[in-house]
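Colleague: here is my input, please return the structure:
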Amino acid sequence: MNKSNLKPILIVIIVGIILGGIILNLEKSTVSNEEDRGEASDEFADADSEEETGPMGGKLFTTDDFSVEVTIYEKGVEPQFRVYLYEKNKPIPPGEAKVAITLSRLGRSAQLFSFKPIGDYLLGDQVVEEPHSFDVTIAAEWKNKVLQWRYSQVEARVEMTDEMLASIGVNIQTAGSATIRPKLQLPGVVIFNTHNIVRVVPRAPGIAIDVPRHLGELIKEGTVLAVAESQLLADLRSQYLAAQKRLVLANANYQREKQLWEEKITAKQEYLTTQQLQSEAEIALDLAAARLRAIGENPETVHQLKDLTRYEIRSPIAGLITTKAIARGQVVREDDAIFTVVDTSTMYADLTVFPKDLSTVKLGQRATIKSTAANIEGTGEITFITAMLDPQTRTAMARVTLENPEGLWRDGIFVSGYINTEEIEVPVAVSMDALQTVFDWTVVFGRYGDYLEARPLELGRSDGEMVEVLEGLQAGEQYAAGNSFAIKAEFGKSGAEHDH
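Modeller: Sure, this is the predicted structure:
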């Protein structure tokens, strides 16, 4: 091998050794030497020139007669390094020098970029990921010389101590594996439990003389809803009281005739006659009592009444008065539904199920129900699914039973139902409350020493609490959760801009 062939190989080896040393030095560097960024390192022999702006708007570095201009181009393409070469401030072909760039980010290993000539510039072989906040080391081999420069740029980064974070309610969590439980979201509406609806009717026809309760009122069991006067009820009560008196008389006659017959004073026929009359009186009393019980009257209390025509219409359950169809002076019949009372201790949430989701909705599944207009949330079990689709909407209905002890759920409230459909293990996930929007990126703020820096994320599946991270954050990295919008506000105060 002649000397002309050996020379390029030696140069490549020397450049590789230098770049390897640069990478090792960058990986050992920490955030504590942040103040040194933007200045040329003393280890670089030819890095005494200051950073300037080049003809293409990039950062221009010059040593002797040779200059490199570094730009990050991202118009219509993913961000990429483009390097332009100059000799004595005049452009030269990109193939006349070999360039390598090393990036060092907070919390990341150093990244080495190599370049190839494209048109009038050198193009980097990798995408320059956001944010563009890093330390950059440039190495160039030109005319048998190896030249190096270094610069730093900061973007989407703030400095905050642990004490500052604690004072604004931010907590630091660690990204890692998690179980994602995706939820099927279904629209719905809250309705009354149809099994708890009672329609109150009068026990007997009559005239309403008092109606003390009002529509929408919550009442207890046994509450008087209305008072009425009924001639029919008065007749039934009178018949019962008369039957009672006849039975008392029949019992007395029977006992007297029985004693006389036993003493051989009267004939047996008279004794048997009184015995028959006693039985008939008992039957008459039982019949009168049965007629009273049939209309809800307690026969044992009739003798205590002073007015046989007056009676009270009471609620058989505790609940809410939802309809009222009676007024004072109104004639009511025994089959008139004068009140409707609903027990609201349990309610139904009827969820609309689209045909594509029918296979995932099952009886017995737990569902979380949230009001779309108020801060009301509850859980319940799917107790009923319609077997047929609605002919108008072509959807089915899944019914969730909700406990309602405080009466927060009301008929007609629009809700969203969330049903857990599966469990998925993912290698990296973050809390949903950590996500923020910065420069049109969806980010979390990674924690690196005293610095917080935005990390744009590519997200996957979510269950509303945790979200899968596909790109942008690694397992084991710390990030700000909880009150993370306070960091975004602090970031805004710093006046940071997304400008390359």
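Colleague: by mean pLDDT, which helix or strand of this protein comes out lowest?
Modeller: helix 3-28 (a mean of 46; mean pLDDT, DSSP states H and E).
Colleague: any idea which helix or strand comes after that helix?
Modeller: strand 52-53 (DSSP states H and E).
Colleague: show me the shaky parts of the stretch 51-200 of the chain.
Modeller: 51 (pLDDT under 70).
Colleague: report the contact partners of Lys362.
Modeller: Lys362 sits next to Ile382 when contact means C-beta atoms under 8 Å, 6 or more residues apart in numbering. For every residue, glycine as well, the C-beta is placed using N, CA and C.
Colleague: got the contact list for Glu422?
Modeller: Listed by C-beta under 8 Å, 6+ apart, the contact set of Glu422 reads Arg181, Pro182.
Colleague: how about it, secondary structure?
Modeller: Put simply, Glu422 is coil when judged by DSSP: H, G, I helix; E, B strand; the rest coil.
Colleague: so what pLDDT did it get?
Modeller: If you check Glu422, the pLDDT there is 80.
Colleague: how about Trp149, nearest residue that isn't a chain neighbour?
Modeller: Nearest residue to Trp149, sequence neighbours excluded (C-beta to C-beta, 6 or more residues apart in numbering): Phe61, at 4.0 Å.
Colleague: likewise Ala374?
Modeller: In space, Ala374 is closest to Ile413, 7.5 Å off (C-beta to C-beta, 6+ apart).
Colleague: neighbours of the one you found, how many?
Modeller: Other residues lying near Ile413 total 19 when counted by other C-beta atoms under 10 Å.
Colleague: and Glu96, by the same measure?
Modeller: Glu96: 12 surrounding residues under other C-beta under 10 Å.
Colleague: tell me how far the residue lying closest to Gly119 once chain neighbours are set aside lies from Arg455.
Modeller: Closest residue in space to Gly119, ignoring its immediate chain neighbours: Pro94 at 7.8 Å, by C-beta to C-beta, 6+ apart. According to C-beta to C-beta, to the nearest Å, Pro94 stands 33 Å off from Arg455.
Colleague: who has more neighbours out of the two?
Modeller: Set Pro94 next to Arg455 and count neighbours by other C-beta under 10 Å: Arg455 wins out with 29 against 21.
Colleague: what is the subsequent helix or strand relative to the helix or strand hosting that one?
Modeller: Assigned by DSSP H and E, Arg455 belongs to strand 451-456. Next in sequence after strand 451-456, counting helices and strands by DSSP H and E, comes strand 458-462.
Colleague: and the helix or strand following that following strand, what's buried?
Modeller: Sequence-wise, the next helix or strand downstream of strand 458-462 (DSSP H and E) is strand 466-471. By 16 or more other C-beta atoms under 10 Å, the buried positions in strand 466-471 come out as Met466, Val467, Glu468, Val469.
Colleague: which residues does the last one bridge with?
Modeller: It refers to Val469. In this structure, Val469 bridges to Leu459 when assessed by DSSP bridges.
Colleague: Ala184 belongs to a strand?
Modeller: Quick fix: residue 184 reads Leu, not Ala. Yes: the assignment for Leu184 is a strand, going by three-state DSSP.
Colleague: in PDB, list the C-alpha atoms belonging to stretch 419-436.
Modeller: The C-alpha trace of stretch 419-436 is given here as PDB (Å, rounded to 0.1, in the frame of the first residue of the first chain):
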ATOM      1  CA  ILE A 419     -67.000   0.800  31.200                       C
ATOM      2  CA  ASN A 420     -63.700  -1.000  31.600                       C
ATOM      3  CA  THR A 421     -63.300  -3.400  28.700                       C
ATOM      4  CA  GLU A 422     -59.700  -4.800  29.100                       C
ATOM      5  CA  GLU A 423     -56.400  -4.600  30.900                       C
ATOM      6  CA  ILE A 424     -53.200  -3.800  29.000                       C
ATOM      7  CA  GLU A 425     -49.700  -3.900  30.500                       C
ATOM      8  CA  VAL A 426     -47.500  -1.200  29.000                       C
ATOM      9  CA  PRO A 427     -43.700  -0.600  29.600                       C
ATOM     10  CA  VAL A 428     -43.900   3.100  30.000                       C
ATOM     11  CA  ALA A 429     -46.800   5.300  31.200                       C
ATOM     12  CA  VAL A 430     -47.300   8.600  32.800                       C
ATOM     13  CA  SER A 431     -50.100  10.200  34.800                       C
ATOM     14  CA  MET A 432     -52.700  12.100  32.600                       C
ATOM     15  CA  ASP A 433     -52.500  15.100  34.900                       C
ATOM     16  CA  ALA A 434     -48.900  15.600  34.000                       C
ATOM     17  CA  LEU A 435     -49.600  16.300  30.300                       C
ATOM     18  CA  GLN A 436     -49.400  19.900  29.100                       C
END
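Colleague: mind listing what's buried in that stretch?
Modeller: Counting neighbours by 16+ other C-beta under 10 Å, one finds that the buried residues in stretch 419-436 are Ile419, Thr421, Val426, Val428, Ala429, Val430, Ser431, Ala434, Leu435, Gln436.
Colleague: quick check, nearest of the residues you listed to Ala110?
Modeller: Proximity of those to Ala110 (C-beta to C-beta) peaks at Val428, which lies at 21.8 Å.
Colleague: burial count for Leu358?
Modeller: 14.
Colleague: I figured it hits Thr395, correct?
Modeller: No: using C-beta atoms under 8 Å, Leu358 makes no contact with Thr395, being 9.3 Å away.
Colleague: returning to what we had before: confidence-wise, which of the buried residues of stretch 419-436 comes last?
Modeller: Within these, pLDDT is lowest for Thr421, at 81.
Colleague: quick one on the thing from earlier: which strands or helices does the strand holding Arg455 pack on?
Modeller: Helices and strands touching strand 451-456, by 3 or more C-beta pairs under 8 Å, 6 or more residues apart in numbering; DSSP states H and E, are strand 157-159, strand 441-448.
Colleague: the same query, at a cut-off of 10 Å, please.
Modeller: Counting contacts by 3 or more C-beta pairs under 10 Å, 6 or more residues apart in numbering; DSSP states H and E, strand 451-456 packs against strand 157-159, strand 436-438, strand 441-448, strand 466-471, strand 478-482, helix 485-493.
Colleague: out of these, which is the most enclosed?
Modeller: Of all the helices and strands packed on strand 451-456, strand 441-448 has the most neighbours on average by mean count of other C-beta atoms under 10 Å, namely a mean of 22.
Colleague: next, the angle strand 451-456 makes with that one.
Modeller: In terms of direction (axes from the mean of the first three to the mean of the last three C-alpha atoms, to 10 degrees), strand 441-448 departs from strand 451-456 by 150 degrees.
Colleague: just the C-alphas of strand 441-448, formatted as PDB.
Modeller: C-alpha atoms of strand 441-448 as PDB (Å, rounded to 0.1, in the frame of the first residue of the first chain):
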ATOM      1  CA  TRP A 441     -46.400  19.700  21.600                       C
ATOM      2  CA  THR A 442     -48.000  17.400  24.100                       C
ATOM      3  CA  VAL A 443     -45.400  17.200  26.800                       C
ATOM      4  CA  VAL A 444     -44.400  16.300  30.300                       C
ATOM      5  CA  PHE A 445     -41.800  18.200  32.200                       C
ATOM      6  CA  GLY A 446     -38.900  15.900  32.900                       C
ATOM      7  CA  ARG A 447     -36.900  16.400  36.100                       C
ATOM      8  CA  TYR A 448     -33.100  16.600  35.800                       C
END
